[in-house]
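# what's the 3D shape of this:
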Amino acid sequence: MFKSLDVFKAAHAMGKHAAARQAVVAQNMANADTPGYQARDIKPFKELYQNDSGVGSMRATRAGHHGSSLESSGVAPGLATAEVSPNGNSVSVEEEMLKAVDVKRQHDRSVAIYKSALTVLRAAAAR
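Numbers count the residues shown, from 1 in each chain. Coordinates of the predicted model:
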């Protein structure tokens, strides 16, 4: 009946990405006063998930699915756009706080997707 449960793989990958990004955000905040430290960030989940063939691939099946144009963990320095302070540090605590909120939302979304898919699976198995 269920040959491939890619929704669970996607939710797991999203949760792992959120955890990795949270670690990078925390490291940036911990080094907010370190002279010469350059803020880092992780590529968005969408980009990493599309390039990862082992997790499964999302694909648009109709117009308006995943966006109107049928759109479908690398840590990178320089993705942050903060201004550099006189001591060479590019960490903006305010930006990092906003990233932390975004990470929490991503994690909550992955848990909600997992729970919803599990509910559907349980309902289908109960029949």
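# now the longest helix seen in the chain: average pLDDT?
In the chain, assigned by DSSP state H, the helix with the most residues is helix 93-126. Average pLDDT, helix 93-126: 94.
# over to stretch 38-48?
pLDDT averaged over stretch 38-48 gives 89.
# and that stretch, end to end?
The first residue of stretch 38-48 is 22 Å away from its last residue (C-alpha to C-alpha, to the nearest Å).
# tell me the buried residues in it?
Gln38, Ala39, Arg40, Asp41, Ile42, Lys43, Phe45, Leu48 (16 or more other C-beta atoms under 10 Å). C-beta here means a position set from N, CA and C on the backbone, and glycine is covered the same way.
# in the sheet, who's paired with the third one?
Assessed by DSSP bridges, Arg40 has beta-bridge partners Pro77.
# about what we covered before: what helices and strands are in contact with the longest helix of the chain?
On a contact count with 3 or more C-beta pairs under 8 Å, 6 or more residues apart in numbering; DSSP states H and E, helix 93-126 meets helix 6-30.
# list the buried residues of the helix it packs on.
Buried, per 16+ other C-beta under 10 Å, within helix 6-30: 7, 10-11, 13-18, 20-22, 24-25, 28-29.
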